[in-house]
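K.L.:
no FASTA, just this:
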Ligand SMILES: [Zn+2]
């Protein structure tokens, strides 16, 4: 089954590739072959669609074409597209709920669903690219600083790893940083209260950067050269040496150079795009994230947009970053990206 076009005949001529239940004996390695019957159609009132129903002859349970779709069990599937637009257009969760006449709970649930699908799709793309041995060449990493709840007391680091030529975002992480120094008396008292509630903050920067490098190590072709460019932060060489040793070069250059003259221009530009797209990263507003875990979830939706849906640049609109990197062969619309769930291959 093709990852990019799982059902090219569309929903009307859908044939289930396997039983959707992970516990079905037909899903095990030596289990019986999957057989199914058609069991008619039903009308879905939320969007007026006619849905084909099936019956698995192995586990004797019914399922429908909906089981394979991203909008499975959603009461208002028509909200997915506008909520996605809001998540990549600097709109906060609360404002999205207001403008779409829905609740913040619905927006949060949809965020988790879209982020999960984006992560699963990206993993499937990278696994396929890895099996073809095409992940190598230049990569860049840098950290964006932001905060959760309080800029001085609860700063957060947000490392981003990209493929340099295509600006394909390979991985992001969000980790805590210790409180800043030179605090006022009132801030020191608040710091103590926060430490009692959430624990003492230690820097998670090195571990987060290492996890980014681990992702690259997992998918890259170790027989071909990988060049990683970063600024001169002291913890990068150690984190890299612990994850990759063969066929890797680490270039360190000054982070002070700005604009096109800087070798780090691609990653600087990507971080600027992130700040322009993610409401949680917009500076000097009250939209900052309340929990850093949610920042990472939100970022995965932006990654799907950046890698697979948005054009590479305003001058190259018909080609996406993932296409330019050679990892996929088509550019997705938001409807086609969030149509089918990523199906496991037996
Ligand atoms: Zn079954």
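P.N.:
Structure received. The structure displayed is predicted, hence computed values, not measured ones. Residues are numbered from 1 along each chain as shown.
K.L.:
output the contacting helices and strands for the host helix or strand of residue 162.
P.N.:
Using DSSP states H and E, residue 162 sits within strand 155-163. Judged by 3 or more CB pairs under 8 Å, 6 or more residues apart in numbering; DSSP states H and E, strand 155-163 is in contact with strand 137-147, strand 168-172, strand 175-176, helix 205-219, helix 265-277, helix 292-304. All C-beta spots, glycine's among them, are computed from the backbone N, C-alpha and C.
K.L.:
now with 10 Å, please.
P.N.:
strand 137-147, strand 168-172, strand 175-176, helix 205-219, strand 226-230, helix 265-277, helix 292-304, helix 321-325 (3 or more CB pairs under 10 Å, 6 or more residues apart in numbering; DSSP states H and E).
K.L.:
mind putting those into TSV with mean neighbour count, mean pLDDT and distance to the ion?
P.N.:
Formatted as TSV, the helices and strands packed on strand 155-163 follow (neighbours: other CB atoms under 10 Å; pLDDT from 0 to 100; distance: least, CB to the ion, whole Å):
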stretch	mean neighbour count	mean pLDDT	distance to the ion
strand 137-147	21	95	42
strand 168-172	24	98	35
strand 175-176	20	95	41
helix 205-219	20	97	32
strand 226-230	20	97	42
helix 265-277	18	95	41
helix 292-304	22	94	30
helix 321-325	24	97	33
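K.L.:
who wins for proximity to residue 183 among these?
P.N.:
For these, the distance to residue 183 is smallest for strand 137-147, at 13.9 Å, taking CB to CB.
K.L.:
in its sheet, what does that closest one sit against?
P.N.:
strand 155-163 (antiparallel), strand 226-230 (parallel) (DSSP bridges).
K.L.:
angle of it against helix 292-304?
P.N.:
140 degrees (axes from the mean of the first three to the mean of the last three CA atoms, to 10 degrees).
K.L.:
helix 265-277 and strand 137-147, what's the angle between them?
P.N.:
40 degrees.
K.L.:
residues in contact with the most centrally placed residue in the chain?
P.N.:
Nearest to the geometric centre of the chain sits residue 300, at 2.3 Å (CA atoms, centre = their mean). By CB atoms under 10 Å, 6 or more residues apart in numbering, the contact set of residue 300 is 87, 111-112, 114-122, 169, 171-172.
K.L.:
which strand or helix spans the residue in the stretch 101-250 of the chain that the ion sits nearest to?
P.N.:
In the stretch 101-250 of the chain, the residue that lies nearest the ion is residue 120 (21.3 Å; CB to the ion). Element membership for residue 120, per DSSP H and E: helix 104-132.
K.L.:
quick revisit: buried among the contacts of residue 300? Make that a ChimeraX selection.
P.N.:
This is the ChimeraX syntax for the buried subset of the contacts of residue 300, where burial follows 16 or more other CB atoms under 10 Å:
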select :87,111,114,115,116,117,118,119,121,122,169,171,172
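K.L.:
just the closest of the contacts of residue 300 to residue 78, please.
P.N.:
Among the contacts of residue 300, and counting by CB to CB, the member closest to residue 78 is residue 114, at 14.4 Å.
K.L.:
how about the contacts made by the residue lying closest to the closest one once chain neighbours are set aside?
P.N.:
In this structure, residue 114 finds its nearest non-sequential neighbour in residue 301, 4.9 Å apart by CB to CB, 6 or more residues apart in numbering. By CB under 10 Å, 6+ apart, residue 301 lies in contact with 83-84, 86-88, 110-119, 277-278, 338.
K.L.:
what does this structure put close to the ion?
P.N.:
19, 24, 56, 58, 59 (CB under 5 Å from the ion).
K.L.:
so how many other residues sit close to the third one?
P.N.:
Neighbour count of residue 56, defined by other CB atoms under 10 Å: 21.
K.L.:
ok, and the most crowded of the residues of the chain next to the ion?
P.N.:
residue 19 (23 neighbours).
K.L.:
list the residues that contact that one.
P.N.:
25-27, 31, 34-36, 54, 56-59, 61, 63, 67.
K.L.:
inside helices: which ones of the residues you listed?
P.N.:
Judged by DSSP state H, helices contain none of the contacts of residue 19.
K.L.:
separate out the buried members of these.
P.N.:
26, 27, 34, 36, 54, 56, 58, 59, 63, 67.
K.L.:
export those as TSV, with columns for distance to residue 158 and pLDDT.
P.N.:
What follows is the buried ones among the contacts of residue 19, written out as TSV (distance: CB to CB, whole Å; pLDDT from 0 to 100):
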residue	distance to residue 158	pLDDT
26	43	93
27	38	90
34	43	94
36	45	96
54	44	96
56	44	96
58	46	96
59	44	95
63	39	95
67	35	92
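K.L.:
now those residues in a markdown table, with distance to residue 269?
P.N.:
Below are those laid out as a markdown table (distance: CB to CB, whole Å):
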| residue | distance to residue 269 |
| --- | --- |
| 26 | 48 |
| 27 | 44 |
| 34 | 47 |
| 36 | 49 |
| 54 | 47 |
| 56 | 49 |
| 58 | 51 |
| 59 | 50 |
| 63 | 45 |
| 67 | 40 |
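K.L.:
what comes up buried for the helix or strand encompassing residue 249?
P.N.:
Under the criterion of DSSP H and E, residue 249 resides in strand 248-252. Residues of strand 248-252 classed as buried under the neighbour-count rule (16+ other CB under 10 Å) are residue 248.
K.L.:
what of stretch 274-292?
P.N.:
Quick answer for stretch 274-292 (16+ other CB under 10 Å): 274, 277, 278, 279, 280, 281, 282, 287, 288, 289, 292.
K.L.:
noted, bye for now.
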